[in-house]
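Asks: Kindly return the folded structure for what I paste below:
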Amino acid sequence: MKAKGKSKTGNILRAVGLLLILTCWLMPAALTDSRVHIMILLYVMSCQVFVGGVIYRTGVTVKKNKEDDPYYNVPKNPFRLFRGWQLGLFAVLIAFYAALFLCRYVTGKFDVIFPLVFLASPVIVITAAIIRQKKNVNMPRSSGGRALRGNTSTAPTLRCNGCNKEITSSDGKYFDGRAYCSSCFLKKIAEREETGGEKSEETQMKCSVCGKEFPPSALSVINDKVYCGDCFAREYPPEL
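Replies: Residues are numbered from 1 along each chain as shown. Prediction:
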């Protein structure tokens, strides 16, 4: 099941990331003069290229998820899409440019302010990562242990409309606009077919093991995992 629309947020992030990469030389050249060491310029340029790459990659991920999963929620605040260390890196880049601006137009001492920002950059990144990690404690986790992205911070869990069991937004199956766990979802599909409702390809589900799509009548659910007939026979062979 794919979303018909494309993610505007993903396209904007990709454009911003690409723009930062292509213009990495523009701002350092405008805010510096012959008194600035070449290593400072290279460091600021490389930092901007890395930040642009992070933003571009995030935009690609958002766009892909939006097309693959129609229920993927893109938050209104785009900063929620980034991890703490990434936000810290953005702050470091802003601090570098602020230091260059002050050195160029206010103090004129590049050998004082810029080294202080350079030494403080690891502290900024680590602090941002710690703060973001504390905010993500109550967010639902993927199988790899990472906090799920999207606007899950506003609605970290869902309630199955059948059995009232808590499910994460990524595990929920949607039927007539309501969220269900895998077991209740199959029951709702079976009820529709028994009452003569329309059968649609959209009601097909993927086997959790082989990934192939089957009609609900050909699937079994054990511990919230969906099995086709062959995979069920392999996972739970009959006792001889």
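
Asks: For residue 236, which non-adjacent residue is spatially closest?
Replies: residue 222 (7.3 Å; C-beta to C-beta, 6 or more residues apart in numbering). The C-beta positions use only the backbone N, C-alpha and C, and glycine is treated the same way.

Asks: Repeat that for residue 14.
Replies: Per C-beta to C-beta, 6+ apart, closest to residue 14 is residue 59, 3.6 Å.

Asks: hang on, isn't the residue nearest to residue 236 packed against residue 208?
Replies: No: assessed by C-beta atoms under 8 Å, residue 222 is found out of contact with residue 208, at 9.5 Å.

Asks: Which one's more surrounded, these two?
Replies: residue 208 (17 against 13; other C-beta atoms under 10 Å).

Asks: can you confirm that one is in a strand?
Replies: No: looking at residue 208 with DSSP: H, G, I helix; E, B strand; the rest coil, it is coil, so not inside a strand.

Asks: Give the full set of residues in contact with it.
Replies: 225, 226, 227, 231 (C-beta atoms under 8 Å, 6 or more residues apart in numbering).

Asks: Among those residues, name the buried ones.
Replies: Those of the contacts of residue 208 that meet the buried threshold are 226, 227, 231, by 16 or more other C-beta atoms under 10 Å.

Asks: Just those residues: which are in helices?
Replies: Using DSSP state H, residue 231 are the members of the buried ones among the contacts of residue 208 that sit in helices.

Asks: on that earlier part again, count of residues packed around the residue nearest to residue 14?
Replies: Neighbourhood size, residue 59 [other C-beta under 10 Å]: 23.

Asks: quick revisit: how about JSON lines for the contacts of residue 208, with distance to residue 18 and pLDDT added?
Replies: Shown next, in JSON lines, are the contacts of residue 208 (distance: C-beta to C-beta, whole Å; pLDDT from 0 to 100):
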{"residue": "225", "distance to residue 18": "41", "pLDDT": "75"}
{"residue": "226", "distance to residue 18": "40", "pLDDT": "77"}
{"residue": "227", "distance to residue 18": "44", "pLDDT": "78"}
{"residue": "231", "distance to residue 18": "43", "pLDDT": "79"}
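
Asks: Nearest to residue 122, out of those residues: which one, please.
Replies: residue 225 (43.1 Å; C-beta to C-beta).

Asks: And the pLDDT at the closest residue to the closest one other than its chain neighbours?
Replies: Among residues not flanking residue 225 along the chain, residue 208 sits closest, at 4.5 Å (C-beta to C-beta, 6+ apart). pLDDT recorded at residue 208 is 79.
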